[in-house]
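1. What shape does this take:
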Amino acid sequence: MQAVWIVAIAVGIPVLSGTITRITKLYYANRDKEREISRGAESESLEDIQAGIKELKRRVGNLETILLDQENRTQ
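-> Numbers count the residues shown, from 1 in each chain. Prediction:
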């Protein structure tokens, strides 16, 4: 009976530790992938905001030009 317990422990401990190690590796690998996806989405959002700001600057510049032209015509 003791031999069965010894074999069970000798086989069970490595199997359990290997399983726990694999689960841990999978968990951290998936977490890193989720972070990369999140960073990609954040980068895309920042690029959209930057493009919007450039467009607004262009439009403000155009409006300033129009206003200055109108002032010069009236003077």
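
2. for the chain, what spans make up the strands?
-> Counting by DSSP state E, the chain has no strands at all.

3. what about the helices in it?
-> 2-74 (DSSP state H).

4. Where does pLDDT dip in it?
-> Scanning the chain for pLDDT under 70 picks out nothing.

5. try it again with 80
-> Judged by pLDDT under 80, the chain has its weakly predicted residues at 1, 74-75.

6. how much space between Ile6 and Lys33?
-> Separation of Ile6 from Lys33 (Cβ to Cβ, to the nearest Å) stands at 41 Å. All C-beta atoms are positioned from the backbone trio N, CA, C, and that covers glycine.

7. no wait, Ala8
-> The spacing between Ala8 and Lys33, counted by Cβ to Cβ, is 37 Å.

8. Please apply the same query to Asp69.
-> 55 Å.

9. what do you get for Arg22?
-> 16 Å.

10. again with Leu26
-> Separation of Leu26 from Lys33 (Cβ to Cβ) stands at 11 Å.

11. and what of Trp5?
-> 41 Å.

12. And for Gly40?
-> From Gly40 to Lys33 the distance is 11 Å (Cβ to Cβ).

13. Ok, Lys57 next?
-> From Lys57 to Lys33 the distance is 37 Å (Cβ to Cβ).

14. Ala41: neighbour count?
-> Neighbour count of Ala41, defined by other Cβ atoms under 10 Å: 10.

15. nope, Asp48 is what I meant
-> 10.

16. what does the one 10 residues further on give?
-> Here the number of neighbours of Arg58 (other Cβ under 10 Å) works out to 10.

17. Ok, Leu46 next?
-> Leu46: 10 neighbours (other Cβ under 10 Å).

18. Perfect, I'm done here.
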